[in-house]
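Asks: how does the following fold in three dimensions:
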Amino acid sequence: MTAARRDDIARNVVGRRRELDLVLAAVSAGRDVMLEGPPGTSKSTILRAITANWGVPFVLVEGNAELTPARLVGHHNPARVLREDYSADNFVPGPLVEAMQRGGFLYIEELNRAPEDTLNTLLAAMAEREVAVPRVGTITALPTFRVLASMNPFDNVGTARISDSVYDRWCRLAIGYQDAAEEADIVAVRTGSVDDELVADAVALTRATRAHPDLRRGSSVRGAIDLAAIAAELEHLGSYDGDRPRRILDAALLALSARVGVDEAADATPERVITEIWENHFFSRPGGPRRDRITSTSTTR
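Replies: Residues are numbered from 1 along each chain as shown. Below you'll find the model as predicted:
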């Protein structure tokens, strides 16, 4: 992999140069990669940029209790089996076999939500680069086949502990949130906004949810993207009579309230926390608008 080709891939990723280099080095060396980090930290963006440049498929699978070995590997078409009996022709490839046959990247989101027997099937395919399918035969992966997985280390609801034998199969990369400047660039690119002040407000409010003491989970940059997009559309509707802070509050309530998790011990609601963050952002900063110039901060209209 040359530096020029790396630069070509990087054009489709905002920031993340170090992470891109590390993932690219690993997959170029034929290795599989585990990406650990919260949602909205460009994990799948990096992988999609690489597969697009390589011209190989990106096969996405969601890890959950329903991802059985049969769903992962594939199955025989029941109707055709009744008519024709089992054969290689009536086998329907699952995402694992599809990625192997096409030389693509199999990307499993939230790997630690998948059943243990599914992980065992996956590990066998990773170790041998082939899988034996009953009544079909042995399927051997093309050279560009890779297995990538992600996990959110901050969410343990509905997850299982990953064993050492599973970790031993992957190169692991921890990915955190990007800095404010890079997140602002992401919001601007994803929304097409040229309103730098709106983008900065959306990023600041979203980032503040990650440090609020009443929240166990803050919002990813996706919240800032939606906040900026919604606030821009609300301005076009003209219902706020120039009350920019109130317009941003309503956009924040809509965009962020489902993306934050209130701590069970806190006597608060997502709406109350977001409103508090909004008040601190607009009324506590030097040069910010005075309260007596803003209409009621009630969240009902």
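
Asks: where in this structure is pLDDT low?
Replies: Residue ranges of the chain with pLDDT under 70: 1, 154-161, 285-301.

Asks: tell me how it divides into domains.
Replies: Per the record's domain assignment (automatic domain parsing), the chain is made up of the domains 3-174, 180-293.

Asks: mean neighbour count added to these, as TSV?
Replies: From N, CA and C alone the C-beta is placed, and that goes for glycine too. Below are the domains of the chain laid out as TSV (neighbours: other Cβ atoms under 10 Å):
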stretch	mean neighbour count
domain 3-174	17
domain 180-293	18
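
Asks: which stretches of the protein form strands?
Replies: Counting by DSSP state E, the segments of the chain that form strands are 33-36, 58-62, 74-76, 91-93, 105-109, 130-133, 137-140, 146-151, 171-174, 215-217, 261-262.

Asks: and the helices in the stretch 201-301 of the chain, which stretches?
Replies: Listed in chain order, the helices found in the stretch 201-301 of the chain under DSSP state H, counting those that start in this stretch are 221-237, 244-256, 270-283.

Asks: and if you look at the stretch 51-200 of the chain?
Replies: Taking DSSP H, counting those that start in this stretch as the criterion, the stretch 51-200 of the chain carries its helices at 69-73, 78-84, 95-102, 116-128, 164-167, 180-191, 196-208.

Asks: which residues does the first one contact?
Replies: For helix 69-73, the surrounding residues in contact (Cβ atoms under 8 Å, 6 or more residues apart in numbering) are 61, 94-97, 117-118, 120-122, 131, 133.

Asks: with only the CA atoms kept, save it in PDB.
Replies: Extracted as PDB, the C-alpha positions of helix 69-73 are listed here (Å, rounded to 0.1, in the frame of the first residue of the first chain):
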ATOM      1  CA  PRO A  69     -24.500 -19.800  12.600                       C
ATOM      2  CA  ALA A  70     -27.100 -20.600   9.900                       C
ATOM      3  CA  ARG A  71     -27.800 -16.900   9.400                       C
ATOM      4  CA  LEU A  72     -24.100 -16.200   9.200                       C
ATOM      5  CA  VAL A  73     -23.100 -19.000   6.900                       C
END
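
Asks: if we can go back for a sec, got JSON lines for the helices of the stretch 201-301 of the chain, with distance to residue 57 too?
Replies: Supplementary listing: the helices of the stretch 201-301 of the chain in JSON lines, determined by distance: least, Cβ to Cβ, whole Å:
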{"stretch": "helix 221-237", "distance to residue 57": "25"}
{"stretch": "helix 244-256", "distance to residue 57": "32"}
{"stretch": "helix 270-283", "distance to residue 57": "38"}
